[in-house]
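Participant: The sequence isn't on hand, but the structure is:
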């Protein structure tokens, strides 16, 4: 029967076309999935590269700061070694001699109590009391209060601590050379006052404000 054969042929062609469409859709879905995975892998690789770059930058900055600190400490030690000993010149000959501290003069001795004679014979002499000297008041020198805020252009160190070698470790802010909140260690401090609210200076010339 020709009609039945034609119907069967059309049915077979429709089934084949449907199979081809299904295969094409499946292939397109797999291609989209592959592209998404490649994009995700590329993004992860780029993020890892950025993290590595940041870590390398921080490591290089820390290494440079350490070298700078070591160089400053070595320069300070060399300066101390080269500093000549101070001496005084004697005007009466005999070469140069080291100045001696003046010997304090001895305290004046109290004068003995003087006796008085009684004109009426009332039983001998009586001691005369020496007047008590008035106490000398030492004027008080007002201490200059340290600043509560960092001066303009001076970086601030927060949660700082002083190390054994004279350097200071803390978290810095307000510096163009470091990131905000980055933990640093300075070179040895050469100023005498190291405490909260003080501005300290290193041997390399850098200044920092220590928060209270």
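Facilitator: Done, it's in. Quantities reported herein were computed from a predicted structural model and do not represent experimental measurements.

Participant: okay, residue 105: pLDDT?
Facilitator: pLDDT recorded at residue 105 is 58.

Participant: now residue 65
Facilitator: 92.

Participant: Near it, how many other residues are there?
Facilitator: Look at residue 65: counted by other C-beta atoms under 10 Å, it has 17 neighbours. No exception for glycine: its C-beta is placed from N, CA and C like everyone else's.

Participant: go on, residue 160?
Facilitator: Count around residue 160 with other C-beta under 10 Å applied: 21.

Participant: do residue 194 as well
Facilitator: 13.

Participant: again with residue 69
Facilitator: Neighbour number of residue 69 under other C-beta under 10 Å is 20.

Participant: Could you say which helix or strand holds it?
Facilitator: Element membership for residue 69, per DSSP states H and E: helix 2-82.

Participant: Kindly indicate whether residue 176 is helix, strand or coil.
Facilitator: Three-state call for residue 176 (DSSP: H, G, I helix; E, B strand; the rest coil): coil.

Participant: show me the residues around residue 182 that make contact.
Facilitator: Residues in contact with residue 182 (C-beta atoms under 8 Å, 6 or more residues apart in numbering) are 58, 171-172.

Participant: mind redoing it with 7 Å?
Facilitator: By C-beta atoms under 7 Å, 6 or more residues apart in numbering, the contact set of residue 182 is 171-172.

Participant: measure it to residue 57 for me?
Facilitator: The gap separating residue 182 from residue 57 is 11 Å, by C-beta to C-beta, to the nearest Å.

Participant: Same question for residue 77.
Facilitator: Computed with C-beta to C-beta, the distance linking residue 77 and residue 57 is 31 Å.

Participant: Residue 1 too?
Facilitator: Distance from residue 1 to residue 57, by C-beta to C-beta: 83 Å.

Participant: between those two, who's got more neighbours?
Facilitator: residue 57 (11 against 7).

Participant: In this protein, where is pLDDT below threshold?
Facilitator: 83-147 (pLDDT under 70).

Participant: how about 80 then?
Facilitator: Along the chain, segments meeting pLDDT under 80 span 1-3, 82-149, 212.

Participant: Which other helices and strands does the helix holding residue 69 contact?
Facilitator: Applying 3 or more C-beta pairs under 7 Å, 6 or more residues apart in numbering; DSSP states H and E, we find helix 2-82 packed against strand 182-185.

Participant: Who does the strand it packs on pair with, and is each partner parallel or antiparallel?
Facilitator: Note on strand 182-185: by DSSP bridges, its sheet partners are strand 168-173 (antiparallel).

Participant: Just the buried residues of the strand it pairs with, please?
Facilitator: 168, 170-173 (16 or more other C-beta atoms under 10 Å).

Participant: can you check stretch 180-197 too?
Facilitator: Those would be 184, 186-189, for stretch 180-197 by 16+ other C-beta under 10 Å.

Participant: Pipe these into CSV and attach distance to residue 11 per row.
Facilitator: Below are the buried residues of stretch 180-197 laid out as CSV (distance: C-beta to C-beta, whole Å):
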residue, distance to residue 11
184, 81
186, 87
187, 90
188, 94
189, 94
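
Participant: Specify which member of these is nearest to residue 81.
Facilitator: residue 188 (15.1 Å; C-beta to C-beta).
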